[in-house]
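Asker: got a structure for you, letters missing:
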């Protein structure tokens, strides 16, 4: 079961969901699922809003939900309400990754399986490439012309089609001399 956690407390989570009480419902549901040994994947979508407290979300997960199967930190797809609220939520992938690094290390240190979804490799420190997944559905993937000269294009997940116009400015092809 993939379940999003948008904040570290009711105020931060409910602000993003726009549903009062959703944090408490999510926490209660997670505790029940974990008590019955369900395999739970927690998802943290990185936006301009949530980026400021990703570390605190990680601390919450480690302290309250450490038995989850895995945590996925997810780059934003600019569709629907995200696109309507672009000025408030969009965060470039390199910045989203930088804001997530400490949280990733918190999960690794705690022994929680962690992965990065929807991040092009050029936005991620090469040391973290092993946790990157090609997670975007094929028909939604886009690459910029600059990607044609990238040494790791075949391993990269690319960019969402709906996000391409915002993300293409941060695309930088990776040369052959990258050391992981």
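Answerer: That came through fine. Computed from a prediction, not measured in an experiment: that's the story for all the values here.

Asker: in a strand, residue 72, correct?
Answerer: Yes - the assignment for residue 72 (DSSP: H, G, I helix; E, B strand; the rest coil) places it in a strand.

Asker: show the model's pLDDT score for it.
Answerer: If you check residue 72, the pLDDT there is 98.

Asker: contacts for stretch 34-54 next, please.
Answerer: Contacts to stretch 34-54, defined as Cβ atoms under 8 Å, 6 or more residues apart in numbering, come from residues 1-8, 12, 15-16, 30, 33, 57-58, 61, 65, 67-76, 82, 88-91, 95-96, 99-100, 102-103. Just so you know, the C-beta spots here come from the backbone N, C-alpha and C atoms, and that holds for glycine as well.

Asker: correction: stretch 91-110
Answerer: Outside stretch 91-110, the residues touching it (Cβ under 8 Å, 6+ apart) are 44, 46-48, 51-52, 54-55, 57-59, 61-62, 66, 71, 73, 75-76, 113-114, 116, 119-120, 122-125, 128, 131, 159, 166-167, 169-170.

Asker: buried set for it?
Answerer: Applying a neighbour-count criterion of 16 or more other Cβ atoms under 10 Å, one finds 91-94, 96-97, 99-101, 103-104, 106-107 buried in stretch 91-110.
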